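A.B. asks: can't give you the sequence, but here's the structure:
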């Protein structure tokens, strides 16, 4: 048995931290969709949102105020990264996503493309 | 054999019930089934006990913090904003809504007179100092 090898594998196991899946609510309206994502502990600077083709990725790092020599005694939250991806329908306009982060809740508003917006036709009275 | 057969459907039911009422997300947050909201982490140092509650989107005024003897209780009601309008359909609802309460037993060594609580980025951080006489002290040895 090679002890060096063994150590390497345990180290690799340590590095591999699963990301948390943030709880998300999604609402749809005529204008588009709105996502609310719970990201407690994530500040604006630690949040990454990007769209690659039709994939919307949300990634945030939990940054807690800690003190020196802290020891964890109980943990419900065992990782410090939130990560989640969503596939956007092609009727949505990914270039016009509006993002707001407030007290750890991310609100993403994604409008429908112009041609998919409901149109109101005014009827003229002759 | 019979007992096995009996047990099996019940454990299936448990899982079903759990996934109905507690979406995947809380289970993955905790790494196991998470029946309580909000999730908490507790850390300690020589000087203090630090409790973190992951409770996004709250108004701090709506969270009630009470320390009684060595019990710290956190309760409140989480309301989700403008959930349903007239034309709004919902696709997915995973976020916790409603009343919650968690009670944490603190070690005997804490000084319950001086807790500090800060709500930032959706995390409520409560720091409770340990009593001075319980903190480790270094004793200086003087040379003669």
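C.D. replies: Perfect, I can see it now. Just so you know, these numbers come straight off a predicted model, no measurement behind them.
A.B. asks: and the lengthiest strand in chain A, how far from the chain's centre?
C.D. replies: Ranked by residue count and defined by DSSP state E, the top strand of chain A is strand A:42-52. On the basis of C-alpha atoms, centre = their mean, to the nearest Å, strand A:42-52 sits 7 Å off its chain's mean C-alpha point.
A.B. asks: can you give me the strands in the chain?
C.D. replies: No chain specified, so I'll use chain A. A:24-28, A:32-38, A:42-52, A:55-62, A:71-75, A:81-87, A:98-102, A:105-111.
A.B. asks: chain B is the one I meant
C.D. replies: Using DSSP E, strands in chain B cover B:40-44, B:48-54, B:63-68, B:71-78, B:89-93, B:98-105, B:116-120, B:123-129.
A.B. asks: would you mind finding the most buried of the strands of chain A?
C.D. replies: strand A:32-38 (a mean of 23; mean count of other C-beta atoms under 10 Å in any protein chain shown). Heads up, the C-betas are built off the backbone N, CA and C, glycines and all.
A.B. asks: what is the mean pLDDT for the longest strand of chain A?
C.D. replies: Confidence for strand A:42-52, expressed as mean pLDDT, is 95.
A.B. asks: what do you get for stretch A:79-95?
C.D. replies: pLDDT averaged over stretch A:79-95 gives 92.
A.B. asks: number of nearby residues for residue B:113?
C.D. replies: Neighbourhood size, residue B:113 [other C-beta atoms under 10 Å in any protein chain shown]: 9.
A.B. asks: quick one, what contacts the residue of chain B found nearest chain A?
C.D. replies: For chain B and chain A, the shortest gap (C-beta to the nearest C-beta) falls at residue B:122, measuring 1.8 Å. For residue B:122, the contact set (C-beta atoms under 8 Å, 6 or more residues apart in numbering or on different chains) comprises A:38-42, A:103-105, B:54-58.
A.B. asks: how does it look with 6 Å?
C.D. replies: Shown in contact with residue B:122 (C-beta atoms under 6 Å, 6 or more residues apart in numbering or on different chains): A:40, A:103, A:104, B:56.
A.B. asks: before we move on, back to that, who wins for proximity to residue B:137 among the strands of chain A?
C.D. replies: Closest to residue B:137 of the strands of chain A is strand A:71-75 (C-beta to C-beta; 19.0 Å).
A.B. asks: spatially nearest residue to residue A:24, not counting backbone neighbours?
C.D. replies: In this structure, residue A:24 finds its nearest non-sequential neighbour in residue A:37, 4.9 Å apart by C-beta to C-beta, 6 or more residues apart in numbering or on different chains.
A.B. asks: show me the beta-bridge partners of that neighbour.
C.D. replies: residue A:24, residue A:106 (DSSP bridges).
A.B. asks: hang on, isn't it packed against residue A:25?
C.D. replies: No: the criterion here is C-beta atoms under 6 Å, and residue A:37 misses it with residue A:25 at 8.2 Å.
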